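Enquirer: Okay, predicted coordinates and the sequence, questions at the end:
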Amino acid sequence: MKIVVTGGCGFIGSAVIRHLLRKTSHQVLNIDCMTYAASEETVAEVATQPRYRHEAISINNQNAVERALAAFQPDAIMHLAAESHVDRSIDGPGAFIQTNVVGTYCLLEAARQYWLGLEGAKKAGFRFLHISTDEVFGHLEPEAPPFTEETAYDPRSPYSASKAASDHLVRAWYHTYGFPAFVTNTTNNYGPWHFPEKLIPLMIINALEGRPLPVYGKGENIRDWLFVEDHAAALVRAVERGKPGETYAIGARQPRKNLDVVRQICAILDELAPDPAGPRERLISFVSDRPGHDFRYEIDPSHAETCLEWKAEHDFETGLRRTIQWYLEHKAWWQRLREQRYDGQRLGVQK
Ligand code: NAD
Ligand code: TYD
């Protein structure tokens, strides 16, 4: 297949591209306009392969995307380009509306025009996979059953509202125009190349630098953690086998309290890179809570596991150890990002 990946220099998009180039014979066009969240290094291992190309254009530039699709002639589009950080969406929601809502609209229209011009098997086989989040379902009370594909939408942050809007657009294009699109909603990812503003990389890096570990509220909020390489494998399976109009909720059944996650990071780091000043738990610092902080996310991935014949390979402990080892071995990458002070507001040093 010829596959367009949008947002392919970001955390999950680059994992998808590395998976596609390492484990399949598909060709890839990466459409990524290189925001603060993008890094060339994430795809450096595939950059010189003839099966890979990158175009630094925005999904909001419909004409440029139309030209790129016409030249590449894809069989599928995997749409991951987005603004993805909840805290940023609270501080500045505008970019989230522009990229996640308007950008998805522009991409859908460019893709629909391209698809309308196809014929025969190429048209019948074309797929548009929209990658979304479980945050569109709102949040769960402690004893509530996990989210499924049937859960009603109830987004509560500017980020999740913008993702929910984009999911609705994708489904409307399927129902109204017969456009062969489908959606995946996934739990929190973690793993290599995760931008240092998100919980797990931020805590690893701050702990290594001896800085405070800023836990929002009491650290009792729960997230369900999926190793990014397992997610990439699920998405590739989805683009190969997924059905138009479907939804696949993807997760690994690994819910953890934030405070337990941070404690576990401290324990693994104390073992792999002991700090002469003492155990890192001393750095845990409870800070003011995120406004509207969703209490709990958790996904029941049974439907996706059955339909896609996929299952996550890593439990949280195995994936976290691999992640921490990776951050220990890739200090140059994250130190450069820290020095750039991508905006400084929530570096986790002080809020
Ligand atoms: P990320 O922030 O790491 O990367 C996003 C990428 O999109 C960046 O490389 C950026 O340059 C690119 N991009 C942004 N705006 C663009 C535009 N207008 N045109 C082209 N490229 C643009 O995000 P991520 O964590 O890799 O998330 C990827 C997708 O998966 C997003 O849609 C996100 O909502 C979804 N998702 C993420 C998680 C998670 O835990 N990270 C969980 C579920 C779903
Ligand atoms: P985050 O990585 O931002 O992902 P999301 O908000 O999309 O789930 O945050 C994960 C959890 O960690 C969330 O409950 C907020 C919390 N958190 C902290 O306690 N401290 C931090 O510095 C950050 C960035 C997040």
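Expert: Cool, got the structure. Numbers count the residues shown, from 1 in each chain. Ligands and ions are numbered 1, 2, ... in the order given.
Enquirer: where does the stretch 251-351 of the chain dip in pLDDT?
Expert: 341-351 (pLDDT under 70).
Enquirer: my bad, the chain
Expert: 341-351.
Enquirer: residue of it with the smallest distance to ligand 1?
Expert: Of all residues in the chain, Gly10 sits closest to ligand 1, at 2.0 Å by C-beta to the nearest ligand atom. From N, CA and C alone the C-beta is placed, and that goes for glycine too.
Enquirer: Please verify my assumption that that residue contacts Ala38.
Expert: Yes - with contact defined as C-beta atoms under 8 Å, Gly10 reaches Ala38; the gap is 5.7 Å.
Enquirer: Now do the shared contacts for these two.
Expert: Common contacts of Gly10 and Ala38, defined by C-beta atoms under 8 Å, 6 or more residues apart in numbering, comprise Asp32.
Enquirer: how about stretch 265-283: buried residues?
Expert: 265-266, 268-269, 280, 283 (16 or more other C-beta atoms under 10 Å).
Enquirer: For these, give me a markdown table that also has secondary structure.
Expert: Listed next are the buried residues of stretch 265-283 as a markdown table, based on DSSP: H, G, I helix; E, B strand; the rest coil:
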| residue | secondary structure |
| --- | --- |
| Ile265 | helix |
| Cys266 | helix |
| Ile268 | helix |
| Leu269 | helix |
| Arg280 | helix |
| Leu283 | helix |
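Enquirer: Taking the residues you listed, tell me the two that lie furthest apart.
Expert: Ile268 and Leu283 (14.2 Å; C-beta to C-beta).
Enquirer: residue boundaries of the strands in this structure?
Expert: Secondary structure of the chain by DSSP state E: the strands cover 2-6, 27-31, 52-55, 76-79, 127-133, 181-186, 188-190, 213-216, 222-227, 247-250, 255-257, 284-287.
Enquirer: which helices and strands sit right next to the third one?
Expert: Read it as strand 52-55. strand 27-31, helix 62-72 (3 or more C-beta pairs under 8 Å, 6 or more residues apart in numbering; DSSP states H and E).
Enquirer: Just send those back as CSV, with mean neighbour count and distance to Gly191 too.
Expert: Output for the helices and strands packed on strand 52-55, formatted as CSV (neighbours: other C-beta atoms under 10 Å; distance: least, C-beta to C-beta, whole Å):
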stretch, mean neighbour count, distance to Gly191
strand 27-31, 24, 19
helix 62-72, 17, 28
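Enquirer: which one of those lies closest to Tyr216?
Expert: Closest of the helices and strands packed on strand 52-55 to Tyr216 is strand 27-31, at 33.4 Å (criterion: C-beta to C-beta).
Enquirer: contacts for that closest one?
Expert: 1-9, 13, 17, 20-21, 43, 46, 51-55, 57, 59, 65, 68, 72, 74, 81.
Enquirer: Partner strands of it, with direction?
Expert: Strand pairing for strand 27-31, using DSSP bridges, gives strand 2-6 (parallel), strand 52-55 (parallel).
Enquirer: can you give me the angle the lengthiest helix in the chain makes with strand 127-133?
Expert: Longest among the helix segments of the chain by residue count, using DSSP state H, is helix 158-177. Using axes from the mean of the first three to the mean of the last three C-alpha atoms, to 10 degrees, the direction of helix 158-177 lies 150 degrees away from that of strand 127-133.
Enquirer: Please name every helix or strand in contact with helix 158-177.
Expert: helix 86-91, helix 94-96, helix 104-116, strand 127-133, strand 181-186.
Enquirer: Quick one: check that helix for contact with ligand 2.
Expert: No - judged by C-beta under 6 Å from any ligand atom, helix 158-177 stays clear of ligand 2, getting no closer than 7.1 Å.
Enquirer: before we move on, the earlier item: could you export the strands of the chain as a markdown table, including distance to Glu329?
Expert: As requested, the strands of the chain are arranged in a markdown table below (distance: least, C-beta to C-beta, whole Å):
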| stretch | distance to Glu329 |
| --- | --- |
| strand 2-6 | 25 |
| strand 27-31 | 24 |
| strand 52-55 | 24 |
| strand 76-79 | 28 |
| strand 127-133 | 27 |
| strand 181-186 | 26 |
| strand 188-190 | 16 |
| strand 213-216 | 21 |
| strand 222-227 | 17 |
| strand 247-250 | 27 |
| strand 255-257 | 24 |
| strand 284-287 | 25 |
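Enquirer: Good, wrapping up.
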